[in-house]
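Peer 1: how would this look folded up:
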Amino acid sequence: MARKTGPPVLAASRGKAMTGRFVLGTALLSASISWCDESTVLRKLAQAASHLTVADIDVSPIPGIHEVEIEEDKAHLYVTADGNHLFAGDLYAISSDGLVNLTEARREARRRQALAQLDANDMIVFAPAEAVAAVLRLCTPLRM
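Peer 2: Sure thing, here's the model as predicted:
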């Protein structure tokens, strides 16, 4: 029995439309799973350790693991997507160059971002009379 098909252009465009719908559907499903995982992680952490305040949550380089930064001491926790397990400390990648501290790299990026937002008018600046050879920024917490 012969199958009826439309013109080749129509068949090709049908395939593209189906592929586009599949890609869009997959992207939306992935986004909703990621959002659900974050909300699950936050809910479970709040139940287990209500004294902790989450400063930031993000995906980690390990699939199914979220990186959670704690506000009080800037500690990093790594929590499974289901929120049932966590480990604390730094996450390292093993590369051909040796160990790479991924947690410290993220901390450094956040520090650089925070420093970039500082206004020079809010700083105490000591500058030499001659040309400046280098700049040193010293940040200390003020206790009042």
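Peer 1: For the rest of this, base every contact and every neighbour count on C-alpha atoms.
Peer 2: Noted.
Peer 1: Tell me where this structure has strands.
Peer 2: With strands called from DSSP state E, the chain shows them at 54-59, 65-70, 76-80, 86-88, 92-95, 98-101.
Peer 1: partners of the shortest one, with directions?
Peer 2: Strand 86-88 has the following sheet partners, assigned by DSSP bridges: strand 76-80 (antiparallel).
Peer 1: neighbouring contacts of the strand it pairs with?
Peer 2: Outside strand 76-80, the residues within contact range by C-alpha atoms under 8 Å, 6 or more residues apart in numbering are 41, 60, 64-70, 85-90, 103.
Peer 1: and A93, what are its bridge partners?
Peer 2: Beta-bridge pairing of A93 under DSSP bridges involves V100.
Peer 1: give me every residue that touches I65.
Peer 2: Counting by C-alpha under 8 Å, 6+ apart, I65 touches 59, 78-81.
Peer 1: Spatially, and excluding backbone neighbours, which residue is closest to it.
Peer 2: Using C-alpha to C-alpha, 6 or more residues apart in numbering and skipping residues adjacent in sequence, the residue nearest I65 is T80, 4.6 Å away.
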